[in-house]
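Engineer: Structure for the following, please:
(2 chains)
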Protein chains: 2
Amino acid sequence: MEPDRLAEGFILFSTVLLMAMIVALYLWLRKRDTGTERMREIARHIHVGANAFLRREFLTIAPFVAVLALLLLIAMPGESWKIALGFVVGAAFSLLAVFIGMNAAVLANVRTTSAARSSAGQALLVAFRGGGVMGLTIVALNLLGISVLSVLFGVGSNNPQTIHSLVGFGFGASFAALFAQLGGGIFTKGADIAADLVGKIEQGIPEDDPRNAAVIADQVGDNVGDVAGRGADLFESSADNLVATMIVGISFIPVYGWMAVLFPLLSRAIGAVGAVLGIMAVRGTEKRDPIASMNIGFIVTALFSIVSFFFLGKYVMGDIRLFYCLVLGVLTAVVVSLLVQFYTGIKMRPVKEIAEGGVSGVAINLIYGFAWGMESAVVLKIVVAVVNVIAFYIMGGGLPGILGVTAATLGITEMEGIIMAADAFGPIADNASGIAEMSGLGPQVRRAGDMLDAAGNIAKAITKGYGMTCALMTSVVILFAYLISAAEVIHISNAGLESFVTFGGADPDAIALSVIRGLSLAHPLNLAALMIGSTIPFLFTSQAMKAVGRTAFKMVDEVRRQFREIPGIMTGAGQPDYSRCVDIGTRQALIEMIGPTLVGVAFPVTVGFLMGPWALAFYLIGVKIIGATLAIFMFNAGGAWDNAKKYIEEGHFGGKGSEPHRASVIGDTLGDPLKDTAGPSLHILIKLQNILAIALLPLFYHLDGVWRLWE
Amino acid sequence: MEPDRLAEGFILFSTVLLMAMIVALYLWLRKRDTGTERMREIARHIHVGANAFLRREFLTIAPFVAVLALLLLIAMPGESWKIALGFVVGAAFSLLAVFIGMNAAVLANVRTTSAARSSAGQALLVAFRGGGVMGLTIVALNLLGISVLSVLFGVGSNNPQTIHSLVGFGFGASFAALFAQLGGGIFTKGADIAADLVGKIEQGIPEDDPRNAAVIADQVGDNVGDVAGRGADLFESSADNLVATMIVGISFIPVYGWMAVLFPLLSRAIGAVGAVLGIMAVRGTEKRDPIASMNIGFIVTALFSIVSFFFLGKYVMGDIRLFYCLVLGVLTAVVVSLLVQFYTGIKMRPVKEIAEGGVSGVAINLIYGFAWGMESAVVLKIVVAVVNVIAFYIMGGGLPGILGVTAATLGITEMEGIIMAADAFGPIADNASGIAEMSGLGPQVRRAGDMLDAAGNIAKAITKGYGMTCALMTSVVILFAYLISAAEVIHISNAGLESFVTFGGADPDAIALSVIRGLSLAHPLNLAALMIGSTIPFLFTSQAMKAVGRTAFKMVDEVRRQFREIPGIMTGAGQPDYSRCVDIGTRQALIEMIGPTLVGVAFPVTVGFLMGPWALAFYLIGVKIIGATLAIFMFNAGGAWDNAKKYIEEGHFGGKGSEPHRASVIGDTLGDPLKDTAGPSLHILIKLQNILAIALLPLFYHLDGVWRLWE
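Structural biologist: Below you'll find the predicted structure:
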């Protein structure tokens, strides 16, 4: 058998393996014990609320997908059905992955609580495997979607340019993800703020108290926001990353043959097998700290990947430098995780200083949170910048250097199956302790729950750092995918492409020269595009935060009304109307998600038409670079504020109920929408705009947009 | 007489006119009444504290200036004494302007209070003329510095390249300004937070209560932070702007002759005469609202400028399109001012929504402030981006288009004399009402004071919007000054320069082609530099905010100690030790200003050496574009939070002492260091790094830095 076939066989094998594993995990989960009647009742409330949200969300998204698919079909030049079909499949697969993954998480919630009654180790196992379904589903549906579309579109080594038509898949995944993350993120923070504000602050009852009408909405939010939203985010990352790296691969067919295009899929398939092994390696035991158990999973995945990468680089690709770049990617993930743990970890200096700031008043707590969050963004971005440069020069610079950057990106992203499992573990553990609280289970269960909860927080911090790094690394690759797509549209040779990325280099042909000029920093049109692009993340954050404010406002009103109007609610004689609260939040969140999404689509299209494809590249870089910085700041400041509160609750600086504690609660409430709504949505926005630009490039170029006037 | 001589004569005339006017205003101020003995005593405290601060600040800065001048003298290639001398003169003139301007403001404080006892109109006049000294001094010392150095360096039409040697003046001004703004900004906000926290919140005594030990420090802070800091900022803006526009002018000597270089100086001289007329036109009258009186001043200046610009463009330069660009600049200033008034105005929707947010809790107040502040940054930056593009195409694009952008920038900046007067008016009015409060003057005085205070807030909002626009517009011009300096260093012809800014255009020569390639977005080194640059404003903001936190911390401790240890302080029997509080704040603020300043210098130097002059251009653009966005966000969010508090204090949403009021106080305290320390310092940082890069360009190019490896 020839190597190409073998590689394709391996990709197919890993996809089938993943699916088998997903079914096995799902069946295993279903068989776990669901606890007492009270626990089942609460779980039912959460299950119904979360699925009602998803159903309505899907129904809201569907018409937008249909209209956009139709527009693509009509407007795009060439074989437009491919882009349109890819778009629909991308969106559908994204939502399907979210549906499967979230339902596994909902199944796992109550079963984790139940397991915690006998053993913390067992609870860890249930929660982690519950998250594992989401992790594996994402990778599986990604590989499946790309494979099926490749067959349908007749992608093959004899017609490499057809790979461009896969871009619709990425666009569909991004579009659905932005809706899902925004809708879920707005809902979950609206509910969270409302629950805390009216419950904890106004009524003085504890968190997760069943007398609070928003408490079920809060739990539902964890599932539709944290699990489903993050799932959609990673599905999109993975899809966009695959499509972009495959497009970059086209330019390297002269060197590596068709393997240049299969390379990203192969590395992803290796990651998939690694994730399965890693998830199997996590065992529930009383003897180990939960984080240590999870670390075993990470290490197994990483080791398997590194060994496999050596074979991939040295023997399959025949270029050991690609192995170095892949490993560089894996190491970057580790370094970034450690840095994030420093900036948000509960025992670390930043969190302690933020907590201590509260001693001099709320303002100092807020100021320190701001300051440390900003610093963290600086450090992380400089790391990524340096890694990019190193990967570029490992391959000797020039056009091959771009493949080095691509390989480093693939090295990071291949961990994504197991990382997503750990990420979904967080909200599952969170929900599980919520259910324990609401069902009135004993202190032993609560202790197990708290242990898992703490582990979940660390896991979430790690995965956020990881997600940001993936997005930043990918952003450079996507820029090159954009340029290579442009080269295809305007017929530039590989030698012309090479001259994009060399200061000296071979003489470019005439078309390439005009593109190089077009990409020059020294044109006011490009500078203007960069200025505009760099503000978009601010606009988007602004919209997302106002949306959270408005949603919280509506829910606060409703919870206050229920406390006022339902008799006996405080004594337990009357029951709050949980579903009404979920319903109000759902309605508002879904309305709020539409505006930002449309803005996200409208801006790059407008810039592309008015200012042209080269200015659009500057616009996109502006969006990416600021978007990433802002997102990192928001994630880490939010995380640090959260943990500063936890640190005080552990008994420092006066503990619960003290002035510093009150200050830390305010810091946490400001940080929440930053880290859980605006930040994650920004992630998606960045990728959406990029992939959209690649998809529409032929349109911008072939239609005579206003931009032709500038030439 | 030939036109060049006439133009130089006009510049000389306006400089002399300015100086005469400064002396006249100073003498007029001195003759005003200083009120009661109690008032004079408080004024003396402020005067002593402010000058002690300045003296120590100057002593701290001096050795840094000396060392840096020596380094420049040794390291720079060519006639290094010019750069070094220019640097020293720039720093010295900046500090001199600050010293004169701040002392006029200190003179004006108590005299404004005294005048307010008889007439609000008279008080307005004293405060505005007090600010006028700073405004005129800045312009005068700028013109004088550039003129003296030009004569010393033998700058003339027969050797236009000597203009590059003026860049040291800009660098010196920037370096001193960063120190002054940081030192003053950290002091003022540390004192402000300490005074509010211990006085208002812990002891429950009103603002400006003489029993509070930090209250004099707070007043001193208004002078050393707001007046001196902002003065240094505008001095620097003006200097950098002049130097950059003169450098850009070199490329247009073939078209406009030596007038191309005199053009910026001429437009500044016109602005100077306009400012004198404008300041004279502001009269104190009871009949008019103070803002209306100030508006008359603005209108007079603007009208005089527009008419003069017509002559300048049509007859002196012989190109009516330059007139259009200049007017475009003036109009931009107006549009931006209106936008800022919308986003921070007390009667406007954003402020009302932020205030209303407090009804649902602190978090919602903070979230809305964030959201509106971010939105404002988007709108303003898009306006600037569009204006840049318009100015570029008014001149027909290409290299001439750059002159269009330059002219638009000059159009904005020429209003700076009168704008600075209005800006200094704010803290003078603020201090005056503080003095009234502390001296126990009657309600009639306080009413006049409040009226001026409200007017001062609006004036400050306008000038901040104005300052930001100047910085952003200038940033594009400075990029071109950088490229033109680079062209000089590596000998590119004007035809080569032209090819930087055209997509098609003439065939560039070989060197120019390599520069165009070097400026391409499609090189990972450039992308990495852009990534790093775009994080620097975050790093800087982080440092500034921590510095404010630490300074406040020390002062809080001291104020608390005095309340605890000085017997009878609350009954008025014991007197707080004001000067000790000022002293502690001064010490801490001056230590804190050193770190960020050195980071501001070290980063561009490192990037220049390691990554080369082209990557440095990308780095600088990253710094500018994010710095401006962040600064706008911080200014407007801070202003809006401040006014939301005022709005509630007017009696809305429960008024003073209500829950929403408490929320708004927290929002205001977070906003304060953003808008008064980090934001203004960021402004200066942007310009410092740019002018530093231009100054050191020959060094980066001629020394074989690591960057040569990349080529």
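Engineer: Going by C-alpha atoms from here, please, whenever you check contacts or count neighbours.
Structural biologist: Will do.
Engineer: Residues of the stretch 351-500 of chain A that sit close to chain B?
Structural biologist: A:360-364, A:366-368, A:370-375, A:377-378, A:381-382, A:385-386, A:388-389, A:392, A:476, A:480, A:499-500 (C-alpha under 8 Å from any C-alpha of the partner chain).
Engineer: rerun that using 7 Å as the cut-off
Structural biologist: Proximity of the stretch 351-500 of chain A to chain B, by C-alpha under 7 Å from any C-alpha of the partner chain, involves residues A:360, A:362-364, A:366-368, A:371-372, A:374-375, A:378, A:381-382, A:385-386, A:388-389, A:500.
Engineer: For the stretch 251-400 of chain A, just list every one of the helices.
Structural biologist: For the stretch 251-400 of chain A, applying DSSP state H, counting those that start in this stretch gives helices covering A:253-256, A:259-281, A:290-311, A:320-344, A:349-357, A:362-394, A:398-413.
Engineer: Please apply the same query to the stretch 401-550 of chain A.
Structural biologist: Under DSSP H, counting those that start in this stretch, the stretch 401-550 of chain A gives helices at A:416-438, A:443-490, A:494-500, A:510-518, A:524-565.
Engineer: rewinding a little: point out the most buried one among the helices of the stretch 251-400 of chain A.
Structural biologist: helix A:398-413 (a mean of 28; mean count of other C-alpha atoms under 10 Å in any protein chain shown).
Engineer: Identify the residues contacting that helix?
Structural biologist: Residues outside helix A:398-413 that contact it (C-alpha atoms under 7 Å, 6 or more residues apart in numbering or on different chains): A:245, A:264, A:267, A:322, A:325-330, A:333, A:388, A:391-395, A:470, A:473-474, A:477, A:498, A:501-502.
Engineer: One more: stretch A:328-345?
Structural biologist: Here stretch A:328-345 makes contact (C-alpha under 7 Å, 6+ apart) with A:348, A:350-351, A:376, A:380, A:408-409, A:411-412, A:461-462, A:465-466, A:636, A:639-640, A:643.
Engineer: The same query, at a cut-off of 6 Å, please.
Structural biologist: For stretch A:328-345, contacts defined as C-alpha atoms under 6 Å, 6 or more residues apart in numbering or on different chains pick out A:348, A:350, A:408-409, A:411-412, A:462, A:465-466, A:639-640.
Engineer: do stretch A:101-115 as well
Structural biologist: Residues contacting stretch A:101-115 (C-alpha under 6 Å, 6+ apart): A:33-35, A:122-123, A:126-127, A:130, A:133-134, A:228, A:428, A:431-432.
Engineer: Check stretch A:207-217 too.
Structural biologist: With C-alpha under 6 Å, 6+ apart as the criterion, stretch A:207-217 contacts A:191, A:195, A:434, A:438, A:559, A:576, A:578, A:582.
Engineer: For that stretch, give the mean pLDDT please.
Structural biologist: For stretch A:207-217, mean pLDDT rounds to 85.
Engineer: tell me which residues in that stretch are buried?
Structural biologist: Neighbour-count burial for stretch A:207-217, with 16 or more other C-alpha atoms under 10 Å in any protein chain shown as criterion, is recorded at A:208-217.
Engineer: picking that back up, out of the helices of the stretch 401-550 of chain A, which comes closest to A:H652?
Structural biologist: helix A:443-490 (17.1 Å; C-alpha to C-alpha).
Engineer: From the contact counts, what lies against that closest one?
Structural biologist: helix A:228-250, helix A:320-344, helix A:416-438 (3 or more C-alpha pairs under 6 Å, 6 or more residues apart in numbering or on different chains; DSSP states H and E).
Engineer: from the chain's centre, how far out does the second one sit?
Structural biologist: Meaning helix A:320-344. Distance of helix A:320-344 from its chain centroid, counting by C-alpha atoms, centre = their mean, to the nearest Å, is 18 Å.
Engineer: and A:D33, that's in a helix?
Structural biologist: No. Remark: A:D33 does not belong to a helix; assigned using DSSP: H, G, I helix; E, B strand; the rest coil, it is coil.
Engineer: Excluding chain neighbours, what is closest to it?
Structural biologist: Leaving aside its sequence neighbours, A:D33 sits nearest to A:R111 (C-alpha to C-alpha, 6 or more residues apart in numbering or on different chains; 5.8 Å).
Engineer: and the closest residue to chain B within the stretch 251-400 of chain A, what does it touch?
Structural biologist: As assessed by C-alpha to the nearest C-alpha, chain B sits closest to A:A371 within the stretch 251-400 of chain A, at 4.0 Å. By C-alpha under 6 Å, 6+ apart, the contact set of A:A371 is B:542, B:545.
Engineer: so how far is A:M473 from A:A481?
Structural biologist: Distance of A:A481 to A:M473, given as C-alpha to C-alpha, to the nearest Å: 13 Å.
Engineer: CSV for the helices and strands packed on helix A:443-490, including mean pLDDT?
Structural biologist: CSV is the format used below for these (pLDDT from 0 to 100):
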stretch, mean pLDDT
helix A:228-250, 91
helix A:320-344, 90
helix A:416-438, 87
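Engineer: on that earlier part again, out of the contacts of stretch A:101-115, which comes closest to A:R662?
Structural biologist: Of all these, A:N431 has the smallest distance to A:R662: 24.2 Å, by C-alpha to C-alpha.
Engineer: Count the residues that sit near the closest residue to A:Q562 other than its chain neighbours.
Structural biologist: Distances taken as C-alpha to C-alpha, 6+ apart put A:P576 closest to A:Q562, at 6.6 Å, once the chain neighbours are dropped. Close neighbours of A:P576, defined as other C-alpha atoms under 10 Å in any protein chain shown, add up to 24.
Engineer: sec struct for A:P576, please.
Structural biologist: A:P576 ends up coil, using three-state DSSP.
Engineer: okay, now the residue in the stretch 451-600 of chain A that chain B sits nearest to: neighbour count?
Structural biologist: Per C-alpha to the nearest C-alpha, A:S542 is where the stretch 451-600 of chain A lies closest to chain B, at 4.0 Å. Residues lying near A:S542 (other C-alpha under 10 Å) number 25.
Engineer: For it, give me its contacts.
Structural biologist: B:371, B:374-375.
Engineer: which one of those is nearest chain A?
Structural biologist: B:A371 (4.0 Å).
Engineer: Which neighbouring residues are in contact with A:A422, exactly?
Structural biologist: Contacts here follow C-alpha under 6 Å, 6+ apart; on that basis A:A422 touches A:A459.
Engineer: and what of A:V359?
Structural biologist: A:P660.
Engineer: Quick check: the gap between it and A:G655.
Structural biologist: Taken as C-alpha to C-alpha, the span from A:V359 to A:G655 is 11 Å.
Engineer: number of nearby residues for the residue in the stretch 201-350 of chain A positioned nearest to chain B?
Structural biologist: Residue nearest to chain B within the stretch 201-350 of chain A: A:I201 (9.3 Å; C-alpha to the nearest C-alpha). For A:I201, the neighbour count with other C-alpha under 10 Å is 14.
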